[in-house]
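Student: have a look at this prediction, sequence included:
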4 protein chains.
Amino acid sequence: MDEAQDGRKQRATQRRSERRLQILDACRKVFSLKGYHASSVADVITAANIARGTFYLYFPSKRAVFDALLEEMFGQIAGTLRRISTARGSDSVLEQMYGNVRRIVDVLEENRDLTIILLREAVGLDADFDHKLNTFYERLSGVIEGALRLGQSMGLVRPCDTRLVAYCVLGSLKEVMLRRLTSGDQSLDRDGLAQEIMDYNLRGVFIDPGP
Amino acid sequence: MDEAQDGRKQRATQRRSERRLQILDACRKVFSLKGYHASSVADVITAANIARGTFYLYFPSKRAVFDALLEEMFGQIAGTLRRISTARGSDSVLEQMYGNVRRIVDVLEENRDLTIILLREAVGLDADFDHKLNTFYERLSGVIEGALRLGQSMGLVRPCDTRLVAYCVLGSLKEVMLRRLTSGDQSLDRDGLAQEIMDYNLRGVFIDPGP
Amino acid sequence: MDEAQDGRKQRATQRRSERRLQILDACRKVFSLKGYHASSVADVITAANIARGTFYLYFPSKRAVFDALLEEMFGQIAGTLRRISTARGSDSVLEQMYGNVRRIVDVLEENRDLTIILLREAVGLDADFDHKLNTFYERLSGVIEGALRLGQSMGLVRPCDTRLVAYCVLGSLKEVMLRRLTSGDQSLDRDGLAQEIMDYNLRGVFIDPGP
Amino acid sequence: MDEAQDGRKQRATQRRSERRLQILDACRKVFSLKGYHASSVADVITAANIARGTFYLYFPSKRAVFDALLEEMFGQIAGTLRRISTARGSDSVLEQMYGNVRRIVDVLEENRDLTIILLREAVGLDADFDHKLNTFYERLSGVIEGALRLGQSMGLVRPCDTRLVAYCVLGSLKEVMLRRLTSGDQSLDRDGLAQEIMDYNLRGVFIDPGP
DNA sequence: CATGAATGAGTCTTCATTCAT
DNA sequence: TATGAATGAAGACTCATTCAT
């Protein structure tokens, strides 16, 4: 393969990936506005300013776009999580936990559109779709469960059904963020929000009246 | 009106309400299997073994059935909740709380189909639908928030953003129950489940390492 | 057959025909308000305050009612027409013609509902229906054509294609009455209306400028 | 935009308008055969030999086609009418009138399908539909009324209620043409037909027996 | 690569008519 | 005779996907 060819191919690949991003951007906007199911391919191509056929040149189906968005989101969330370190010189465990929660809140708020899509779009329109979304949450709760197990081994987390509690943690986060993002209520700043979530998950709501 | 007529009318009313239940049952089954949006009226009438027109004789639209199911569910849940009493001779506060959680778990498990429908139904396809579902959850979280406020006034609940924490509680319950009901994992019995949920919501996951 | 039986039968027949009239009345009202096609059997039985099945006990179909109304209307119109008489002592031919037109106007205005139905409801929803309505108008134009022929033989009507002109007469009457009844414009009284129609049909619109 | 693109666009536009005409043609045929209301979209697409979706690609609804046909017809009719001129050197007033009637007859006969649709379509099934059709005839009778007024000011038309007489003229034309087109009776040629209609409308049916 | 016209299976809902009671 | 629950064929319209240009 000569260099001219090589260069041409690279540029082509680049153009292709730009186009892809353009479509993804449009979908993010459209889906978050009307919801995945209510958004038609017509909406998408209008927003992306491309022809109908072009859409199918970059994605095999409407659902494939959703998959890509899902993947993107998972990557971002996973990327923010830091393993709790007990190494000498590290921040306190609580501080590290708070950091994780805070960063997740940041990611979700900064990807408001995507987050709303994820939290609202539930299962039911097609089996494939169901499976993808389910898997996504399973992966998330898997990460949380791992953290809980680690915490237990470090004596930081009380004995509990880690699988079940992971779902609790995931569920509380989902519900709070969905309400926050869709209601637009920003009376609490991100710090406060992260703190409340942390407090709730770490300590619950109870004040032990004592013996 | 003579007695014969009276009797006929009564029987007619009864038959009518039986038919209605038959349709509701079919919808519960179908909706919980495929989801509300993915279920067509055709699915429903097949399951109910009735003619297309008969469906519309008992419900003005597909959504009306959903409304009815929603109402039924809310009634059941609301009916299980008991106000925490500190009157002399009452069970301990913790026991009363546990009772509430346990009864909710019971209701949800015993209405598996309905619960699954509620927990997974997508928003976004129909504004009316969205609104109904939203309102339903708002009512639920309102109940929880009221309980938290009461708890605070009784010195049982720590100071917190009750609205936000109510969403946390709701979210954790939703997620756990959805996973349990859809995965079919019954490794934990209902008592254990209620206990875990209680522990999580009351005490969080943390063991304070102390000073 | 004994007399008791006979009496019973008579009373039954009478009840039956009363019931029939009650239904016809309701149909007249309903059809004239919404039009035949837009009126459902449900509308009719509500208006008649009878059960669905009862309707089909007295009429084999919705269209059959329309036929009956049609017949009734034709009878009334035909009944108003008087043969023009040239016998000594009769009113003048013009006066007799005016009388006919005037009586038709009366009948149509006094059966406003029925008239509107007839004039508005056109063909197109079912072949049977088409045929009935067509026949009705054919009978009417037949009567008019007969009158024209008679007029010709009496030297009162100019030579013309009587069939075609009969349609013209019928058409002009239909259109004028439809507009009058549906617009509610009563700026002209019945006398004036009849006079204008007569003038138009007898003399046309033209003033011969002369030689 | 380069020339190749330009050419492509032009051809596309042309194909589009051809398709549109193909559908309009099919509708004309189908509607005139069964009537607008009785014709289903299924009938139309069968006749046009296109897919269901294609129909909705060119027209937003079944009624929209009707609107288009209506507009087309009105344009044709309005286009045939010539204002009566009394300028020196013009044809005689009678000849000009005859010309108008004759041309209308031509248009109606040459658009047989369309004419039949217009003349028989039922009102009452759809308010929008009713309104469109009504407006159409109001426009037509408006044109006629204007002509009558002009005639009066020129001393050609006798004093009369121009509005009412306009309806008479319209009605007579409608009825005659409907019968002619649907019965297929062509015993009279177009010249004779126009002459009869003219005579009827100008002079009526009467021979004044004189004093 | 890009286009957009064409497709057709699938959706909810209506309503004249029948029939067991 | 009267009832009204049940029927099911038919209707208009949507939209993800394909494919010839």
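Tutor: Okay, I see it. Residues are numbered from 1 along each chain as shown, chains lettered A, B, ... in the order given.

Student: from chain B, how far out is the residue nearest the centre of chain A?
Tutor: Against the mean C-alpha coordinate of chain A, by C-alpha atoms, centre = their mean, the closest residue is residue A:73 at 4.2 Å. Distance, residue A:73 to chain B, using C-beta to the nearest C-beta, to the nearest Å: 17 Å. Heads up, the C-betas are built off the backbone N, CA and C, glycines and all.

Student: before we move on, what about residue A:49?
Tutor: Residue A:49 is 23 Å from chain B, where distance means C-beta to the nearest C-beta.

Student: the residue nearest to the centre of chain A and residue A:114 touch, don't they?
Tutor: Yes - under the criterion of C-beta atoms under 8 Å, residue A:73 lies in contact with residue A:114, with a separation of 5.1 Å.

Student: elements contacting the helix ranked longest in chain A?
Tutor: Identified as the longest helix of chain A according to DSSP state H is helix A:3-34. On a contact count with 3 or more C-beta pairs under 8 Å, 6 or more residues apart in numbering or on different chains; DSSP states H and E, helix A:3-34 meets helix A:41-48, helix A:52-58, helix A:62-80, helix A:112-120.

Student: just those helices: most buried one?
Tutor: Of all these, helix A:112-120 has the most neighbours on average by mean count of other C-beta atoms under 10 Å in any protein chain shown, namely a mean of 21.

Student: contacts for that one, please.
Tutor: Residues outside helix A:112-120 that contact it (C-beta atoms under 8 Å, 6 or more residues apart in numbering or on different chains): A:28-29, A:31-33, A:35-36, A:66, A:69-70, A:72-73, A:108-109, A:133, A:136, A:174, A:177-178, A:181-182, B:122-124.

Student: where does chain A dip in pLDDT?
Tutor: Filtered on pLDDT under 70, chain A yields the residue ranges A:1-2, A:122-127, A:208-211.

Student: domain-wise, how is it divided?
Tutor: Per automatic domain parsing, the structural domains of chain A span A:1-59, A:62-203.

Student: could you look over the ones you listed and pick the most buried one?
Tutor: domain A:62-203 (a mean of 17).

Student: establish whether that one and DNA strand E are in contact.
Tutor: No - if you take C-beta under 7 Å from any atom of the strand as the test, domain A:62-203 misses DNA strand E, and the best it gets is 9.9 Å.

Student: wait, does the longest helix of chain A contact DNA strand E?
Tutor: Yes - shown here: helix A:3-34 in contact with DNA strand E (C-beta under 7 Å from any atom of the strand) through A:12, A:15-16, A:19.

Student: and chain B, is the one helix or strand residue A:197 maps to touching that?
Tutor: Element membership for residue A:197 (DSSP states H and E) is helix A:190-203. Yes - applying C-beta under 8 Å from any C-beta of the partner chain, one finds helix A:190-203 in contact with chain B at A:192-193, A:196-197, A:199-203.

Student: so how far is that helix off the chain centroid?
Tutor: 18 Å (C-alpha atoms, centre = their mean, to the nearest Å).

Student: do the same with stretch A:12-28
Tutor: Distance, stretch centre to chain centre, for stretch A:12-28: 20 Å (C-alpha atoms, centre = their mean).

Student: one more: stretch A:168-186?
Tutor: Taking C-alpha atoms, centre = their mean, the mean C-alpha location of stretch A:168-186 is offset from the chain mean by 12 Å.

Student: how far is the helix or strand harbouring residue A:130 from where the chain is centred?
Tutor: Secondary-structure element containing residue A:130, defined by DSSP H and E: helix A:127-153. Averaging C-alpha positions (C-alpha atoms, centre = their mean) puts helix A:127-153 12 Å from its chain's average.

Student: just want the angle from the longest helix of chain A to helix A:112-120.
Tutor: Put simply, helix A:3-34 runs at 60 degrees to helix A:112-120, going by axes from the mean of the first three to the mean of the last three C-alpha atoms, to 10 degrees.

Student: does any part of helix A:3-34 sit near DNA strand F?
Tutor: No - taking C-beta under 7 Å from any atom of the strand as the criterion, helix A:3-34 and DNA strand F are apart, separated by no less than 10.1 Å.

Student: hang on, the earlier thing: okay if I get the helices and strands packed on helix A:3-34 as JSON lines plus distance to residue C:118?
Tutor: Below are the helices and strands packed on helix A:3-34 laid out as JSON lines (distance: least, C-beta to C-beta, whole Å):
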{"stretch": "helix A:41-48", "distance to residue C:118": "47"}
{"stretch": "helix A:52-58", "distance to residue C:118": "51"}
{"stretch": "helix A:62-80", "distance to residue C:118": "54"}
{"stretch": "helix A:112-120", "distance to residue C:118": "56"}
